[in-house]
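1. here is a sequence with its predicted model. Questions after.
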Amino acid sequence: MILEVRDLAVRFGGVTAVGGVSFGVAAGTVTSLIGPNGAGKTTAFNVITGFQRPTAGGVMHDGTTITGWRPHRIAARGLVRTFQKTSLFPGLSVHENVLTGLHLRGRVGFVAALLRRGRVGAEERALDDEAERVIGFVGLGARRETLASALPYGEQRLLELAVALAARPRLLLLDEPGSGMTISEKSALAALIQRVRDDGITVFLVEHDMRLVMGISDRVLVLNYGRLIADGSVTEVQRDPEVIRAYLGTGATRERA
Amino acid sequence: MRRSGSRIVVAASLVAAATAPAWVWNPYHLHTLIMAGIFAVLALSLNLLLGYTGQLSLGHAAFFGIGAYASGLLTVKLEWSPWIGLVVAIALPALAGWVIGRLALKIRGAYFVLLTISFAGVVSLVSVNWMELTNGPLGLPGVPPLELALPWLGEVSLRTKSAYYYVVVAAVALCYLVCLGLVRSRVGRALVALRENETLAESVGINVTHYLVLATVVSAAMAGLGGGLYAHYTRFVSPEVFLFTYTVTMVIMVVAGGKGTLAGPVLGAVLFTALPEVLRAATSWQWQMLLYGVLLVIVLFFLPQGIVPAVQRRR
């Protein structure tokens, strides 16, 4: 397991967002976390990536407890996320966005930036090449100089993916990467996610689009009201009665109505 | 065409700046240029925070004033060399900047503004009320000028305006190169990332606190250098160095010149040091500040990004 979450609980005052959840993500897989709105998926992501402190429980990455670490330290370990609401560096070009994402691959610090311009030049060239490769990978080569804020929505989401990939993740956490995309954009995204996994990056995905989830997931976790109600392969989860109840409501209620 | 045109303008400005004492005969004009240079250092300093990390420091005069007092006190009371005074004028504000940066750990936007204003207020009160140290409102007269000991020529005084002009130009060049070096590296990108989207910056591994502290320290050190240069130029330091006007003037220079650009603060400093003097000569004092305000509004109305970005866009 590249990621293990144990008895994770997050409470905001009296509201329980996540109530004692344990699961693991196996290395080299695409694992999806699904569930109705408000099930606690994004909260779980926030805790794993250090943006939210849990009320109880812990997160382990490769056997090291990372609970409560600051986000940049978690990113440096290779856990990199994207956000549910589009999150880019809006005033920078596509190229600059990806270069900024490459921060962890650079070494130059304050002193070198001022005194070792030769080293800076070499690093900048290497990062430029790497940025080019990442931009090509997500297929934004033609948009290199476009401002992030000027991109159409679907391409903004691809750029988010590119920025995250630039940070060289070992575990990539995607929070609803397909939301707002057209059907063709979504199928391109699905292919892209599979290529990411084939490159050896484990993908952990929160997504609402069932076609996308069922098409690419090796394993599916289902959250409902802050509890894990199912954990298994796509076919197992699809047949699980509790999952069906969570998504469609119970038959009895409908009969009465 | 446009690109080569702007190159010619930049080259001509550099030549003009390098030769100014040779053809600016009026000492008052040379004085204005020296002040423009000191303000260019201050504007470059403020721009590092405001333009790149996006944090507005409205207490920047505090770093300027601490620099001025540090160098002034060491040279007047302890009779240290003004050069050591200048070094301390850089180091002490840098230390203050480090404290501010650490305090601002989770403070951004309006709260960062308030923190910096309060800091400036406190330092200003100390300068007025700690009579034994600072002489209070009477100020600190008799700050020695800079002298340069050259191996073969002996002592060279930098007391004359034309000599001091070059000291200031060297300081502007130094600060410009520091900004340039930072901006054109991953350090500069980390600062901009903090301005553009702090959450995303953290999630790709940028230690946002580290870079905010770094920017504040470098910015404060530069402002302190400006203060030290000011003290050894006017040869007098008083609590006036903490006036809010200094901070506002820096903000005007950075915003009108073009925040987040390297040339903008320098251009802004020259224009907005010269403008009051031009207005003073052209109109009576009643109209002077009014016209200054109107011109500022016009510039910001038509060039909201500042002058330099507007010129760059037209290329």
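-> Alright, I've got the coordinates. This one's a predicted model, so the numbers in the text were calculated from it and none came from an experiment.

2. quick check: phi and psi on the residue nearest the centre of chain B?
-> Closest residue to the average C-alpha location of chain B: B:Leu42 at 0.2 Å, with CA atoms, centre = their mean. The phi/psi pair for B:Leu42 (degrees, to the nearest 10) reads phi -70, psi -40.

3. quick one, what contacts it?
-> The contact partners of B:Leu42, taken as CB atoms under 8 Å, 6 or more residues apart in numbering or on different chains, are B:His60, B:Phe64, B:Met222, B:Ala223, B:Gly226, B:Tyr246, B:Met250, B:Met253, B:Ala269. Every residue, glycine included, has its C-beta placed from N, CA and C.

4. ok, of the residues you listed, which one's closest to chain A?
-> Nearest to chain A among the contacts of B:Leu42 is B:Met222, at 12.7 Å by CB to the nearest CB.

5. the closest one reaches B:Ala40, doesn't it?
-> No: using CB atoms under 8 Å, B:Met222 is not in contact with B:Ala40; the gap is 10.4 Å.

6. more neighbours: those two, which one.
-> The neighbour count for B:Met222 versus B:Ala40, taken as other CB atoms under 10 Å in any protein chain shown, is higher for B:Met222 (31 against 27).

7. so the more buried one, which state does it fall into?
-> Of the three states, B:Met222 takes helix under DSSP: H, G, I helix; E, B strand; the rest coil.

8. what does the pLDDT read for it?
-> At B:Met222, the model reports a pLDDT of 97.

9. quick one: it from A:Val98, how far?
-> Separation of B:Met222 from A:Val98 (CB to CB, to the nearest Å): 31 Å.

10. same thing with A:Met214?
-> Taken as CB to CB, the span from A:Met214 to A:Val98 is 31 Å.

11. ditto for B:Gly51
-> 22 Å.

12. same check, this time on A:Arg219
-> Per CB to CB, A:Arg219 is found 30 Å from A:Val98.

13. so between the two, which is more surrounded?
-> A:Val98 (27 against 20).

14. residues contacting the more buried one?
-> So A:Val98 contacts A:Ala131, A:Val134, A:Ile135, A:Leu159, A:Ala162, A:Val163, A:Ala166 (CB under 8 Å, 6+ apart).

15. what helix or strand is the fourth one on?
-> Assigned by DSSP states H and E, A:Leu159 belongs to helix A:153-166.

16. packing partners for that helix?
-> Secondary-structure packing of helix A:153-166 (3 or more CB pairs under 8 Å, 6 or more residues apart in numbering or on different chains; DSSP states H and E): strand A:79-81, helix A:94-101, helix A:117-138, strand A:171-175, helix A:183-198.

17. would you mark the buried spots in that helix?
-> A:154-166 (16 or more other CB atoms under 10 Å in any protein chain shown).

18. of those residues, which is the nearest to A:Leu104?
-> Proximity of the buried residues of helix A:153-166 to A:Leu104 (CB to CB) peaks at A:Ala166, which lies at 8.5 Å.

19. give the contact list for the closest residue to the closest one other than its chain neighbours.
-> Of all residues not flanking A:Ala166 in the chain, A:Gly101 sits nearest, at 3.2 Å (CB to CB, 6 or more residues apart in numbering or on different chains). Contact analysis of A:Gly101 by CB under 8 Å, 6+ apart lists A:Val134, A:Ala162, A:Val163, A:Ala164, A:Leu165, A:Ala166, A:Ala167, B:Val204.

20. columns pLDDT and distance to B:Ala215 on top of the residues you listed, output as JSON lines?
-> Shown next, in JSON lines, are the contacts of A:Gly101 (pLDDT from 0 to 100; distance: CB to CB, whole Å):
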{"residue": "A:Val134", "pLDDT": "95", "distance to B:Ala215": "27"}
{"residue": "A:Ala162", "pLDDT": "95", "distance to B:Ala215": "26"}
{"residue": "A:Val163", "pLDDT": "96", "distance to B:Ala215": "22"}
{"residue": "A:Ala164", "pLDDT": "96", "distance to B:Ala215": "25"}
{"residue": "A:Leu165", "pLDDT": "95", "distance to B:Ala215": "27"}
{"residue": "A:Ala166", "pLDDT": "95", "distance to B:Ala215": "23"}
{"residue": "A:Ala167", "pLDDT": "93", "distance to B:Ala215": "22"}
{"residue": "B:Val204", "pLDDT": "95", "distance to B:Ala215": "18"}
